[in-house]
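> pasting the sequence and the predicted coordinates here, then a few questions.
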Amino acid sequence: MSKYKMHVLVCGGTGCHASESDQLLEDLKTIVTEKGLDSEVQVIATGCFGFCEKGPIVKIMPDNTFYTQVTPADAREIVDEHLIKGRKINRLLYVDPENQEHIADSKHMGFYKKQLRIALRNCGFIDPENIDEYISRDGYEALAKCLTEMTPQQVIEEMKKSGLRGRGGGGFSTGLKWEITSKSVSDVKYVVCNADEGDPGAFMDRSILEGDPHSVIEAMAICGYCIGSSIGLVYIRAEYPLAIDRLKTAIAQAREYGLLGNNVLDTGFAFDLELRYGAGAFVCGEETALIHSMEGLRGEPTVKPPFPSVSGYYGKPTNVNNVETFANVPVIINKGADWFASIGSENSKGTKVFALAGKINNVGLIEVPMGTTLREVIYEIGGGIKDGKKFKAVQTGGPSGGCLTEKHLDSPIDYDNLIAAGSMMGSGGMIVMDEDDCMVSIAKFYLDFTVEESCGKCAPCRIGNKRLYEILDKLTQGKGTREDIDSLRNLSHVIKDTALCGLGQTSPNPVLSTIENFWDEYIEHVDEKKCRSGQCKALLQYIIEPENCVGCTACARNCPVNAIYGERKGVHVIDQVTCIKCGACLEKCKFNAVFIK
Amino acid sequence: MATIKLSANKLDELKAVCKSFNNEKGELINVLHKAQGIFGYLPAEVQEVIAKELNISVAHVYGVVTFYSFFTMLPKGEHPVSICLGTACYVRGAEKVIDEFKRLLHVNVGETTPDGKFSLACLRCVGACGLAPVVLVGDKVYGRVSPEGVKDIVAEYAK
């Protein structure tokens, strides 16, 4: 990167891509060339900066200028003003919501201040399609160190000492997993990278693969060396075309540089990678289901043991790790297990990437040390709740997790605390909800997901979840009873105890956790037939305020079921029994007389 | 069971795909991905050919096709509309966007308009949660779609 005086980094992640960042990149390149600056200024597409809320993002180095919501129309001004005249363009700078000041240097932005980027270290810094840029940031140094200075056992010891735990949700010790697979005796073993990120609302794996694919390739090779495998397989969602492209490019470059192949770095170690595509099945994130899917079968899980470490892909020992887990590995080898173990909390070391989404100001991808509190994440990094609304809950762990509420805001986030709070780490999706969200509906939303994604192999999951969904639906229709809430609880526990795989065993969590934390709301739905957030349409009441009604008859004329009656120029009334809650009256009333209760 | 006649050159193309994977049954999912790329969907006749080429039962192929949501046995519209129903999009109002598409196109989710122009589907998370709610038309991503904005999207493709 050094021969250029200035670097213009344009975000090429999926989010920014969807807002024309590719056009912006082309325009910037054209104008830079047109002005004869192409020998001094390098314009590249990088991986995700994480600050998706304000995309597309353009960062200019070395002065760290961070431009937000840049459009192709801004390209010429950036070149003329910033690159040529050295003047920052104020209107494109991020504005601090607290004091309305323009922040020029991203280091001073609230969003980045509390973050510590290990897994995302290269995302937004390098061109993911250029292996040299990865190498210039210590890329493949860890692999070289392992192959030339360390025995497989030493690497495994280092991994164990680091305390790295699986980032896909399970939280199993990575070093221990490698050790078990290394001890399994077999002629062939496999390293598998689980990139089937199915948790709705989580996109950390996609961002790592798009922004820093080489870190995963390097880590998989290191794992191969440790467990005695020469074949790596990446199981990736077909819904991530950009990540697939970047990964393919990266694999081709690594082969060309002798970092993959029959003789890696001239050490005699052989390792190569292949891609396997998912086809849209959430359960395939479960490792046994994933392995069946790679074998060309329906992605149904099987009972463990045997664990994949002993008998996996085609019955051979298979080490499955998640993308984010792998992305941590090269740094641990380079900087040492002690350094890594010094970050985080007692039993959860290092950092965790979270995808912040929902009703929060700064939607995006963040990475914080384990043990950071929810309050810091939501208010300092996330910039608080959107539109000044009141915080209600944050859902972690996706369809397998639960809700954390105000009382959990100050507890540190790590594997054990989340489980104690009735949720789980999961892959790191964090969906923030405000006062307008109905928690019964949220539970129903997740069950709808689970019902659709259940593979159908075991009865508790296939039938039990369907029943849970039906009871929740009944509640949102205003037809529920107190016995229904008891049934929800009982059935949830039965499913948790008897389902075959992780999907079924955790699918009732959103129900249990919302009942536990939002008991009042459940009771209101049942006893008062009321939904305080107004989300449950069947429980709404449209009411005409007599003081505002002038008797224009607009509402009565537009009511499709003739539920509104009243004299012309007299106050109108809605018959609640006939009303189908379509909202036509509210829309037509010019006098603000119709409101929802 | 097959009612759709495959054209001879597409059939050859399909057989060539199977061959490129060494007619290996473990490659079934990769073959299906390619086949859907050729035909746009996976009708029974295509599944029969694949079963024969890979030397597995049609039931096996059918079982896999129906298991994964990415595979479809119905032809999609010229402009497939997919609305993201990931959690981030859901809490930001994706359901209202779906309702508006249903109203404007007069089809339900999973259906195609009679003129074959649009098909409507839901998917779970494209990972562009910063732009929620998100709608995809073909490969193009529309972010922050409001129910009011739906008619503009439809108009863009209705010509």
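Nice, I can see it.

> what's around the residue in chain A positioned nearest to chain B, how many residues?
Closest to chain B within chain A is A:C52: 2.6 Å, counting by C-beta to the nearest C-beta. Yep, even glycine has a C-beta here, placed from its N, CA and C like the rest. By the criterion of other C-beta atoms under 10 Å in any protein chain shown, A:C52 has 32 neighbours.

> what pLDDT does it get?
On the pLDDT scale, A:C52 is placed at 85.

> how about it: what's its closest non-neighbour residue?
B:G130 (2.6 Å; C-beta to C-beta, 6 or more residues apart in numbering or on different chains).

> wait, what's in contact with the residue nearest the centre of chain A?
Chain A has A:A202 as the residue nearest its centroid, 1.6 Å off, counting by C-alpha atoms, centre = their mean. Neighbour list for A:A202: A:A355, A:G398, A:G426, A:S427, A:G428, A:G429, B:C125 [criterion: C-beta atoms under 8 Å, 6 or more residues apart in numbering or on different chains].

> please enumerate the strands of the stretch 101-250 of chain A.
A:102-103, A:190-195, A:231-236 (DSSP state E, counting those that start in this stretch).

> lowest-confidence helix or strand of chain A?
helix A:14-17 (a mean of 83; mean pLDDT, DSSP states H and E).

> so what's the gap between it and the chain middle?
Centroid separation for helix A:14-17 versus its chain: 14 Å, with C-alpha atoms, centre = their mean, to the nearest Å.

> give me the phi and psi for the nearest residue to A:Y542 once chain neighbours are set aside.
Leaving aside its chain neighbours, A:Y542 sits nearest to A:I574 (5.5 Å; criterion: C-beta to C-beta, 6+ apart). Phi and psi for A:I574, reported as degrees, to the nearest 10, are phi -100, psi 130.

> ok, A:I574 touching A:E545?
No. Between A:I574 and A:E545 there is no contact under C-beta atoms under 8 Å: 11.1 Å.

> domains of chain B?
According to automatic domain parsing, chain B comprises the domains B:8-67, B:79-158.

> still on that earlier bit, and A:I574 and A:E545? which has more neighbours close in?
Neighbours were counted for A:I574 and for A:E545 using other C-beta under 10 Å; A:I574 has more, 21 against 13.

> next one: the more buried one relative to A:P56, how far apart?
With the distance defined as C-beta to C-beta, to the nearest Å, A:I574 ends up 47 Å from A:P56.

> which bits of chain B sit near chain A?
Counting by C-beta under 8 Å from any C-beta of the partner chain, chain B comes close to chain A at B:25-30, B:32-33, B:63-64, B:67-71, B:85-88, B:90-92, B:123-132, B:134, B:139, B:141-143.

> pLDDT weak spots in chain B?
B:1-4 (pLDDT under 70).

> which residue does it have closest to chain A?
B:G130 (2.6 Å).

> could you count how many residues lie near that residue?
Counted by other C-beta under 10 Å, the residues lying close to B:G130 total 30.

> ok, it - contacts?
A:G15, A:C52, A:E53, A:G55, A:A357, A:V363, A:G364, B:G143.

> just these now: which is nearest A:F591?
B:G143 (36.0 Å; C-beta to C-beta).

> what residues does the stretch 401-550 of chain A put near chain B?
Counting by C-beta under 8 Å from any C-beta, the positions of the stretch 401-550 of chain A adjacent to chain B are A:G429, A:I431, A:M433, A:D437, A:I442, A:F445, A:Y446, A:F449, A:C455.

> now render these as a markdown table, adding secondary structure, pLDDT and neighbour count.
Shown next, in a markdown table, are those (DSSP: H, G, I helix; E, B strand; the rest coil; pLDDT from 0 to 100; neighbours: other C-beta atoms under 10 Å in any protein chain shown):
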| residue | secondary structure | pLDDT | neighbour count |
| --- | --- | --- | --- |
| A:G429 | strand | 89 | 29 |
| A:I431 | strand | 91 | 30 |
| A:M433 | strand | 94 | 24 |
| A:D437 | coil | 93 | 21 |
| A:I442 | helix | 93 | 27 |
| A:F445 | helix | 92 | 22 |
| A:Y446 | helix | 93 | 30 |
| A:F449 | helix | 91 | 25 |
| A:C455 | coil | 91 | 23 |
